[in-house]
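>>> with the input below, show me the fold.
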Amino acid sequence: MKSYLRYLSHPSIFRRILAGELIALLLLLLVQISYSYREFILDQGELVSNELSETTEAFARILSVSQLSDINIRQQAQHIAAIRISMSNGDLQASDFLYRVWHKDGHLLAQSAHSDVLELPTQLDKIFLLNLKGENWRAMAKKRDNEGLVVLVAQPLRFYHDIAFDMMGKALWLAVLLLLFFSILIAWSSHRGLAPLLQMSRMVAERDPGDLSALHIKSHYLELMPLLEAINSLLSRLDHAIQSEHAFFSDAAHELRTPLAAMNAQAYVLTHARDEEEKTAALRQFEQGIERANQLLRQLLTLSRLEGLLPQVSVVIICDIAVTVRDSLSRLATRAEQRGIELALEGSESALVAMDRQHAASILDNLLENALRHTPDKGSVNVSINHIERQASMWVVLSVSDSGVGVAEHERVRIFDRFYRVPGTVGMGSGLGLAIVSKLLALHGGYISVGEADCGGALFVFGLPLLSKS
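As a prediction, the model looks like this:
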């Protein structure tokens, strides 16, 4: 019982469909009954009027026979009234039939036993209403000119209203039976209609957690297709995300293995060094391995944190990215000078964007360090800042170019993937810097692309929506 009550307390699509269909059916039956009742009343009203007219005409014609005495007139009137009542098959009682017969001078010749006192009617040959003891009666009067008789016949309005209600009561019972029948039919058809949805839910519930393949059901119903496509799309995205995470962890483990192996080797050299010079060289390489491992871990943590963020719709932090460019160039100036690399900056001196200053610095540091890493000694790295109109709004576009060997066209598609490094690349890069740049720009509504610089090296161009100074 409790489980049944708990089932009823929860919202149900089946009950909702069933209730809606039953309400619609009930309203349809009520409209049909109301319409039938109205038509019946109209038909019965016309029928009663015709019968009333014929009965009045019969009274007037028979009673107007020549040389009928007053007694004969009364007897004939009683006889005609009895015939009329008997023809109604018991629906019309004697108390429901009223007649009166007057001479043209107003003298009353005959009347029904229960008749009230009535004056000689002035309305002839048409139906009119009488109010007798607070009840409405339909009446008609006719006059026979040859004998001078005036005949009035009446019967109460409730007579055919009672007949109508009796017939509508029978029709209502039929409607109740039809409603019960159609309720069972609708419940069965609704349950059958929802069967594919229940089948799909069972398939999902019985599926192995590791199975992310598309769902397939035998019958593809039109109404289920959007849900089935949405579920299969979700499964596909989940499968892709899990595969990406597996690849990420695999690549991360592989990348961490290299500096750890190097540190292990240098630790062995330190332990077994024959002289101070060998020990110093091993210690220096050991420190470089630690630095590379630290850098890789920092980038992994940064990328992991960014993966959990959603695109920023409204950012209140404003950053002048031109100032950030100058700061990043200043930090790298010493390293560039040691290798004889020329750093150049041109373009706008101010460019306001909706971005955290730390994120902007991460983007520029990764791009500039990537450029320095791939630029040979005595080379150059150039940065330009421009304002352009794009998609009916103003954007700030920054380009970072170097004089290195550049990026082959077939490598440009994958260069922003995690852990991807262009074949032949040397140095301590981990393949995460450009992935972090791409993710940060996507989070802030920006874009980035890679091409070829005029001097043959790599050209990275990225853009962000420009904020006005106001």
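>>> wait, residue 62 sits on residue 80?
Yes. Counting by CB atoms under 8 Å, residue 80 is a contact partner of residue 62 at 6.2 Å. (C-beta placed from N, C-alpha, C; glycine too.)
>>> so which of those two has more stuff around it?
More crowded of residue 62 and residue 80, by other CB atoms under 10 Å: residue 80, with 20 against 15.
>>> element containing that one?
helix 70-86 (DSSP states H and E).
>>> do residue 291 as well
Counting by DSSP H and E, residue 291 is found in helix 276-307.
>>> and the helix or strand following that helix, how far from the chain's centre?
Using DSSP H and E, the helix or strand that follows helix 276-307 towards the C-terminus is strand 318-320. Its chain's C-alpha centre and that of strand 318-320 lie 39 Å apart, by CA atoms, centre = their mean, to the nearest Å.
>>> how about the helices in the protein?
According to DSSP state H, the chain carries its helices in the segments 2-9, 13-63, 70-86, 158-193, 195-206, 225-271, 276-307, 321-338, 357-373, 433-443.
>>> got these as JSON lines, with mean pLDDT and distance to residue 459 columns?
Shown next, in JSON lines, are the helices of the chain (pLDDT from 0 to 100; distance: least, CB to CB, whole Å):
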{"stretch": "helix 2-9", "mean pLDDT": "52", "distance to residue 459": "65"}
{"stretch": "helix 13-63", "mean pLDDT": "72", "distance to residue 459": "57"}
{"stretch": "helix 70-86", "mean pLDDT": "78", "distance to residue 459": "112"}
{"stretch": "helix 158-193", "mean pLDDT": "74", "distance to residue 459": "60"}
{"stretch": "helix 195-206", "mean pLDDT": "78", "distance to residue 459": "49"}
{"stretch": "helix 225-271", "mean pLDDT": "73", "distance to residue 459": "27"}
{"stretch": "helix 276-307", "mean pLDDT": "70", "distance to residue 459": "23"}
{"stretch": "helix 321-338", "mean pLDDT": "90", "distance to residue 459": "16"}
{"stretch": "helix 357-373", "mean pLDDT": "87", "distance to residue 459": "10"}
{"stretch": "helix 433-443", "mean pLDDT": "82", "distance to residue 459": "13"}
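>>> ok, which of these comes nearest residue 106?
Proximity to residue 106 (CB to CB) singles out helix 70-86 among the helices of the chain, at 14.3 Å.
>>> report the buried residues of the closest one.
Neighbour counts over helix 70-86 (16 or more other CB atoms under 10 Å) mark 73, 74, 76, 77, 80, 81, 84, 85 as buried.
>>> buried ones in stretch 341-357?
Those would be 341, 343, 347, 351, 352, 353, 354, 355, for stretch 341-357 by 16+ other CB under 10 Å.
>>> of the residues you listed, which is the nearest to residue 364?
For the buried residues of stretch 341-357, the nearest to residue 364 is residue 355 (11.1 Å; CB to CB).
>>> identify the residues contacting the closest one.
315, 317, 319, 321, 444, 464 (CB atoms under 8 Å, 6 or more residues apart in numbering).
>>> tell me how far it lies from residue 266.
40 Å (CB to CB, to the nearest Å).
>>> follow-up on the earlier one: turn the buried residues of stretch 341-357 into JSON lines, including pLDDT and distance to residue 27.
JSON lines is the format used below for the buried residues of stretch 341-357 (pLDDT from 0 to 100; distance: CB to CB, whole Å):
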{"residue": "341", "pLDDT": "91", "distance to residue 27": "84"}
{"residue": "343", "pLDDT": "91", "distance to residue 27": "81"}
{"residue": "347", "pLDDT": "88", "distance to residue 27": "73"}
{"residue": "351", "pLDDT": "88", "distance to residue 27": "66"}
{"residue": "352", "pLDDT": "89", "distance to residue 27": "63"}
{"residue": "353", "pLDDT": "89", "distance to residue 27": "61"}
{"residue": "354", "pLDDT": "86", "distance to residue 27": "56"}
{"residue": "355", "pLDDT": "85", "distance to residue 27": "60"}
